[in-house]
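Participant: Next one to model:
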Amino acid sequence: MLKVLFLCVHNSARSQMAEAFFNRYAKGGDVAKSAGIEPGTLNPYVVKAMEQKGFDISRNATKGVFSLYKEGQMFSHIIAVCDEEAAQRCPIFPGVSQRLLWSFPDPSTFTGSEEEIIKQVCLVRDSIEQKVKELLEVQGSK
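Facilitator: Got it, this is the predicted structure:
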């Protein structure tokens, strides 16, 4: 059984999307959670981009990775969806069989009109969805 933790800096965008995709597409009891190093506020552009794909994440709360660590939660895979420097700040969870880095651009840094920002967020969203599907296929959970 896969138990995946998706991490990013604020748990406001990339890790939220990865968690939603994984939990929708995974089979056989495989499950994902997401967390951030410094929990922030859910990115409204990400909420809109996910709505376009039929996902309602508007009520999701951002979570801190250190809280999960202190609770003793266990994961088979930890996947950082931020940059390598931020991923280095994550605690070492016992029992993890794989630590992966999937570096995606941070939607909180996108600038431009609302339409331009949504377009950039959708590119990141689609890339994350593809990586999640590839992981599940390789792991035999899709």
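Participant: quick check, Ala18 in a helix?
Facilitator: Yes - looking at Ala18 with DSSP: H, G, I helix; E, B strand; the rest coil, it is inside a helix.
Participant: what's it in contact with, if anything?
Facilitator: Neighbour list for Ala18: 6, 32, 34, 79, 81, 102, 128, 131-132 [criterion: C-beta atoms under 8 Å, 6 or more residues apart in numbering]. Placement of C-beta: from N, CA and C, glycine included.
Participant: Mind checking which of those residues are in helices?
Facilitator: Of these, the ones assigned to helices by DSSP state H are 128, 131-132.
Participant: follow-up on the earlier one: quick check: the farthest pair among the contacts of Ala18?
Facilitator: Largest separation among those by C-beta to C-beta: Ser34 and Lys131, giving 14.0 Å.
Participant: Of the two, which one has the most company?
Facilitator: Ser34 (28 against 18; other C-beta atoms under 10 Å).
Participant: Next up, the contacts around the more buried one.
Facilitator: So Ser34 contacts 5-8, 11, 15-16, 18-19, 63 (C-beta under 8 Å, 6+ apart).
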